[in-house]
Structures are given as structure tokens and as C-alpha cells.
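> One predicted model, sequence on top.
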Amino acid sequence: MQIQLGDIGHTIQLAIAPVFLLTGVGTNLLVLTNRLARIIDRSRVLEDRMDTRGEPVIADSLAEIAVLYRRAQLINRAITLSTTCGLLVCLVVATLFLGDALGLRLASFIGGLFVLAMFSLIGSFVFLLREIFVATNNLSMAKRYKH
């Protein structure tokens, strides 16, 4: 197994775009985990409040906790898909190098992995968008009750 320097240089050039994509996926995961942390923090505040106050607060808090639970589910799905995307991109990069080193023709396989990675990223963004819609819808409902 003898790898030419020009071949490995070309493979590294091919791997640069997926590596940049990995940076974006990492940033997306950071946003998603921060949103999840805020949802969890808010639910803990509501649970503590329910322990110390009366019935009207419990009913309101339970309704908000139900919305927070739905938001957490959506964010968890987004995190799962974003992580899947990251793993698939890593497989793309590894397969690029293995294919080059072993002289295998893996273009279709690599293309398939990349398409799956893109669908995972699209799904992650869709679930993030749905979570944002749930959050803002809940906010507009709270505003109507205050007036």
C-alpha cells in the first residue's frame, strides 16, 4: 500500500468542505443544547413554585410544564438528528481517506453518506423551527391571558 503525496493532498482538499460542515453542526448542537438547558431550568423553577404555592398556580404551572415537555421533545429530536449528521460527516471524511489509501471506488457510498448527513441536518433544523413555533405560540397565549 503506497500512497502518493499528490493523492493524499487531493483527498485532504476533498475533506475540507465536510470538515467545515462539522463546525457548523457543532455550533448547531451548541444552540440546541443551550435551548434544552433553558427549558430544563424553567421546568425546575415551575416545579419548585408548585411545591410552595396554592392550586391556581399549580394549574398554570402544569400547563406551562406540558408545553416545556413538548419543546424538550422537539429539541431532543433535533439534537439526535444533528448528532447523526455529525457522525455521518465524520464517516464521509474517514471513507474518503480509506478509499484513497486502499484504492477503493467509494464515490457512490460517500455521496450517499453525505446525502444522509444533509437530510439529518435538514431534519434537525425542522425540529428546531417547530420548537421555536411552540415557544412563540405559548408566549402569545400567555400575553392574551395577561390582558
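Now that the structure is in, tell me what you want to look at.
> so where's this structure uncertain?
Scanning the chain with the threshold set as pLDDT under 70 gives 1-8, 10, 53-57, 140-147.
> cutoff 50 now
For the chain, applying pLDDT under 50 flags the ranges 1, 147.
> now the helix or strand containing F127, how far from the chain's geometric center?
Applying DSSP states H and E as the criterion places F127 in helix 107-146. Relative to the centre of its chain, helix 107-146 is centred 8 Å away, using Cα atoms, centre = their mean, to the nearest Å.
> What is it packed up against?
For helix 107-146, the packing partners by 3 or more Cβ pairs under 8 Å, 6 or more residues apart in numbering; DSSP states H and E come out as helix 5-52, helix 55-102. Yep, even glycine has a C-beta here, placed from its N, CA and C like the rest.
> Could you pull out the buried residues of that helix?
Residues 110, 113-114, 116-117, 120-121, 123-124, 127-128, 130-131, 134-135, 138 are the ones in helix 107-146 that count as buried (16 or more other Cβ atoms under 10 Å).
> Same check on stretch 93-111?
In stretch 93-111, counting by 16+ other Cβ under 10 Å, buried: 93, 95-96, 99-100, 106, 110.
> Got phi/psi on L104?
phi -90, psi 150 (degrees, to the nearest 10).
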